[in-house]
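In: task: produce atomic coordinates for the following.
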Amino acid sequence: MARKPTTAAANPMPAARGRPVAVVDIGATGIRMTVAHIDAEGGVHTVDSLEQAAGIGKDTFTKGYIGKSTIEECVTTFKSFRRILDEYGIQDEDDVRVVATSAVREAANRDAFIDRISIATGFYIETIDDTEIARLTYQSIRSVMQAHPALDDEDHLLIVEVGGGTIEVLCLDKGNVSFSQSYRIGSLRLREMLEAFGAPVTSRRNILESNIQRTIEQIYQTIPDAKKMTMLAMGGDILFAARQIAPGAVAAGPVRLPIKGLAAFAEKVLSRSVNELVRKYRLTFPEAETAGPALLAYLHFARTFKRREILVTDISLRHGLLIEKAAHGAWVDMFKEQIIRSALEIGAKYRNDEAHGTHVAGLCDIFFEALTDEHRLKPWNGVLLHVAALMHDMGLYVSTRSHHKHSQYLIQNSEIFGLSRREILLVALTARYHRKAPPKPEHEEYAALDRDGRMAVTKLSAILRMADALDRSHSQRVQVVSCGLESGGFVVTVDTIDDLALEQMAIRAKGPMFEDVYGMKMVLRQKGRSAA
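Out: Have a look, this model is predicted:
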């Protein structure tokens, strides 16, 4: 097992200060753990980093499942991690988070792999999808930008990470997410593809470059302002190259790497066999297998985007995990803006009534907060409710008839930055039930949810119905002054309006579901008057 020294950027601190936590990332070529302390101000200070090579991706991408010998090697690694965590006094499950990406997620025996490690070591493994990886990457990069003002000044930033199973691309426009996508063309997947199809050794380089270039050209055509992008590269392979080309530079922050230097080093790597790379650079075999294809991918990205140099950072997925641990849920507010931007951009494509959606979403925020003790949902569910409110009428683009069902379909088949497929489904169903029939067991997508999911949809859609009722006129004329529980009812005080008949009628029509879920009626009261 390799123990990585902490860098100056990691801000190591004595174990006596702060709360010790750990995060573990199970990737295609290895298992990596970072131990850190979180101080009273929420600062993250790395104190230890460890990694162990593992051929998980090689198994999954060639055989479709993780082999027994690989599983047992992983068990051994996690037992070692457990002993190290005990040394640091980290025993509470809430202080450890273990995530797995595509190599585990795509394995046919994923559940057996997770169960074996859990039973043997007590670690709970969480598989995360591409949208969560993008979210964690964004969190990590924002922390780098804040720490390095020169980077924060970059208007257009292209973040690229070539992993073993996927290539992750994230674009920031003045700090806001403008593009996010994951491509199933990682370095290990490319290498295994060539071997699986028996490509001749003499032509493998050309086939490899052709596949890489085709994908990157598609990305280039998709990204707005592609020519203006500053490229920031992440990942173990580019970090390995940067440390060879500019020793010690990465530890001080993002390093500028000339493309000529990267091209020359990539040629050295590609000219050597896996065994030679292991001996010369002291790489593990999985690392040596991915280095060549990965560096080619970074090189083609830089050339396609016409960059003479790229920035390289040692920030990783684990930094994002640590930031979330330190935030204690506060990251929801920081990240909410990016999710909302994505939802509004999608809505604009379908001519969604943004003014109405935004007003209803604001009312949902007020009601969700006021009903905290009643719904007992986590703050993240409030974000899902807000997004559902923004998009609930999007189905009108298809037809005024059954538009709630069309909204569900459009949302369910959209890519909302920062939301997983399950979270998008929760948003879609919440939007669907803003009118007409409430959730029913015979509704296929609703019935397929677990109990927590069904309860969340039911509670959120009941709130959305009432918020939508208050803007029945789509004029945003009803402004809520305050709301809360009074005498067994949910009393909503609004600014004085000449006639609330339309809203009262809408509340009576949409109110039954709210009454069934929360056991109370919503009552409107105009400011300075008694309840209506």
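In: C171: helix or strand, and which one exactly?
Out: Element membership for C171, per DSSP states H and E: strand 167-173.
In: any idea how far that strand is from the chain center?
Out: What separates the centre of strand 167-173 from the centre of its chain is 12 Å, taken as C-alpha atoms, centre = their mean, to the nearest Å.
In: by mean pLDDT, flag the weakest helix or strand of the chain.
Out: Scoring the helices and strands of the chain by mean pLDDT, DSSP states H and E places strand 2-4 at the bottom, with a mean of 65.
In: in the stretch 101-250 of the chain, where is pLDDT below threshold?
Out: Applying pLDDT under 70 to the stretch 101-250 of the chain flags the ranges 150, 152-153, 195-202.
In: strands of that one, start to end?
Out: 125-127, 156-162, 167-173, 176-183, 230-234 (DSSP state E, counting those that start in this stretch).
In: go through the first one and flag the buried ones.
Out: Of the residues in strand 125-127, those buried by neighbour count under the rule 16 or more other C-beta atoms under 10 Å are 125, 127. To be clear about C-beta, it is placed using only N, CA and C from the backbone, and glycine gets the same treatment.
In: the fourth one too?
Out: Of the residues in strand 176-183, those with enough neighbours to count as buried (16+ other C-beta under 10 Å) are 177-183.
In: what's the strand holding C171 in contact with?
Out: For strand 167-173, contacts defined as C-beta atoms under 8 Å, 6 or more residues apart in numbering pick out 130, 133-134, 137-138, 141, 155-161, 177-183, 185-186, 215, 219, 223-225, 229, 297.
In: how big is the angle separating it from strand 230-234?
Out: Interaxial angle of strand 167-173 relative to strand 230-234 (axes from the mean of the first three to the mean of the last three C-alpha atoms, to 10 degrees): 140 degrees.
In: ok, strand 167-173: who's next to it in the sheet?
Out: Listed by DSSP bridges, the sheet partners of strand 167-173 and their directions read strand 156-162 (antiparallel), strand 176-183 (antiparallel).
In: isn't G235 right up against G164?
Out: No. Under the criterion of C-beta atoms under 8 Å, G235 makes no contact with G164, lying 9.5 Å away.
In: need the contact list for the most centrally placed residue in the chain.
Out: By C-alpha atoms, centre = their mean, the chain has its centre lying nearest to E132, at 2.0 Å. Listed by C-beta under 8 Å, 6+ apart, the contact set of E132 reads S420.
In: how much space separates it from T101?
Out: According to C-beta to C-beta, to the nearest Å, E132 stands 9 Å off from T101.
In: and if you look at Y433?
Out: Separation of Y433 from T101 (C-beta to C-beta): 33 Å.
In: cool, A22 as well?
Out: Taking C-beta to C-beta, one finds A22 at 18 Å from T101.
In: in terms of neighbours, single out the busier of the two.
Out: Taking other C-beta atoms under 10 Å, A22 and T101 do not tie; T101 has more neighbours (27 against 24).
In: pLDDT at the residue lying closest to that one once chain neighbours are set aside, what is it?
Out: Leaving aside its sequence neighbours, T101 sits nearest to G27 (C-beta to C-beta, 6 or more residues apart in numbering; 5.9 Å). Predicted confidence (pLDDT) for G27: 95.
In: thought G27 was touching E161?
Out: No. G27 is beyond contact range of E161, at 10.9 Å (criterion: C-beta under 8 Å).
In: one step back: and the contacts of strand 167-173, which of them are buried?
Out: 130, 133-134, 137-138, 141, 156-161, 177-183, 185-186, 215, 219, 223, 229, 297.
In: can you pull the contacts of the closest residue to I310 other than its chain neighbours?
Out: Excluding its sequence neighbours, the residue lying closest to I310 (C-beta to C-beta, 6+ apart) is M231, at 4.4 Å. By C-beta under 8 Å, 6+ apart, the contact set of M231 is 158, 160, 301-302, 305, 307, 310-311.
In: against V169, how distant is M231?
Out: Applying C-beta to C-beta, the value for M231 to V169 is 10 Å.
In: which of the contacts of M231 fall in strands?
Out: Per DSSP state E, strands hold the following members of the contacts of M231: 158, 160, 310-311.
In: of all those, which comes closest to S49?
Out: L311 (21.4 Å; C-beta to C-beta).
In: isn't that closest one right up against L257?
Out: Yes. Contact criterion C-beta under 8 Å: L311 and L257 qualify, at 7.4 Å.
In: shared neighbours, these two?
Out: Common neighbours of L311 and L257 (C-beta under 8 Å, 6+ apart) are A233.
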